[in-house]
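Chemist: Here's a sequence, model it:
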Amino acid sequence: MDDRLSLWVSGVVLLSASTILLALLRLKIPFPLLPFLTFRFDEIPCVIAFLIFGFKAGLTVALIEFLALNLGKPYHVLIGPLMKFLAIISMLMGFAAAEKLRKSKSREFKRFDVAILLSMGIVFRVSVMASATFILYYILFPKLYLPFAKGLLSRAMGLSFSSDLELVSILLLLTSLFNALHVPFSLIPAAIIHKIYVRSLRRSSIKSEASASKGASF
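Modeler: Model (predicted):
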């Protein structure tokens, strides 16, 4: 195994362990308008994997988390982890699409690059999750989810609904807002950590070059 593949594997393993640990710790911030939706810190390692190693690494970390969550209790089996997996993957797909718009192909991201990633991540994630939410709430399990959502919105916001379609429309609007906000929540901390990582690599590279030049002078 060469050094680059070894680094990729070790990085993915470490970030996968981090995202599973954060999921099991249930570190989250409720979305005020729909408290059953929560901003979760365990998405950040998936984004870090993407920024450092690329799309395949981010996908691998997200897939490992999906499999692990179906064995644990942070979510209901299958549906919860699947919706979360779709949210992360759609966001990463947006990031991958944004990379094609970047002039530089390096893994170093400047502010303009982060802005493109942010924009495309929001577009992809909101589009995919709006479709998934509509299918889940209105087509597959309306009797399971709609009464719960109706009661929650009635109590929290004093809203009344003339039809299930109107209720679903409000839900789609609120979940789209949540998913749009979750992209910067996941991306910005990951971008900061990535920047620190790149700087540490530069410093270690400079030190190695300095040591090599000193050795060559003797």
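
Chemist: quick one: low-confidence ranges for this protein?
Modeler: 1, 72-77, 103-108, 204-218 (pLDDT under 70).

Chemist: please redo it, this time with the cut-off set to 90
Modeler: Applying pLDDT under 90 to the chain picks out residues 1-5, 23-28, 33-36, 68-80, 99-114, 144-145, 148-149, 151-162, 195, 197-218.

Chemist: those strands in it, which residues are they?
Modeler: Counting by DSSP state E, the chain has these strands, from start to end: 28-31, 34-40.

Chemist: just those strands: most buried one?
Modeler: Greatest average neighbour count among those goes to strand 34-40 (a mean of 15), per mean count of other C-beta atoms under 10 Å. Yep, even glycine has a C-beta here, placed from its N, CA and C like the rest.

Chemist: Counting by contacts, list what it packs against.
Modeler: strand 28-31, helix 142-157, helix 164-217 (3 or more C-beta pairs under 8 Å, 6 or more residues apart in numbering; DSSP states H and E).

Chemist: Now do the closest residue to M93 other than its chain neighbours against S169, distance only.
Modeler: Leaving aside its sequence neighbours, M93 sits nearest to F124 (C-beta to C-beta, 6 or more residues apart in numbering; 5.1 Å). Applying C-beta to C-beta, to the nearest Å, the value for F124 to S169 is 21 Å.

Chemist: Please say which of the two ends up with more neighbours.
Modeler: F124 (22 against 14; other C-beta atoms under 10 Å).

Chemist: quick one on the thing from earlier: can you list the helices and strands packed on strand 34-40 in JSON lines and add distance to I64?
Modeler: Formatted as JSON lines, these follow (distance: least, C-beta to C-beta, whole Å):
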{"stretch": "strand 28-31", "distance to I64": "20"}
{"stretch": "helix 142-157", "distance to I64": "28"}
{"stretch": "helix 164-217", "distance to I64": "17"}
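
Chemist: Please identify which of the ones you listed is closest to A132.
Modeler: Nearest to A132 among the helices and strands packed on strand 34-40 is helix 164-217; the distance by C-beta to C-beta comes to 9.4 Å.

Chemist: How far off centre is that closest one?
Modeler: 10 Å (C-alpha atoms, centre = their mean, to the nearest Å).

Chemist: next one: stretch 56-64
Modeler: Computed by C-alpha atoms, centre = their mean, the chain-centroid distance of stretch 56-64 equals 11 Å.

Chemist: and E43, what is it in contact with?
Modeler: By C-beta atoms under 8 Å, 6 or more residues apart in numbering, the contact list for E43 reads T19, A87, I88, M91, H182, F185, S186.

Chemist: 10 Å instead?
Modeler: 19, 22-23, 61-62, 65, 84, 87-88, 91-92, 182-183, 185-187, 189-190 (C-beta atoms under 10 Å, 6 or more residues apart in numbering).

Chemist: Over to P147?
Modeler: P147 neighbours (C-beta under 10 Å, 6+ apart): D164, L167.

Chemist: OK, contacts around L172?
Modeler: V126, M129, A130, S131, T133, F134, Y137, Y138.

Chemist: With that, I have no additional questions.
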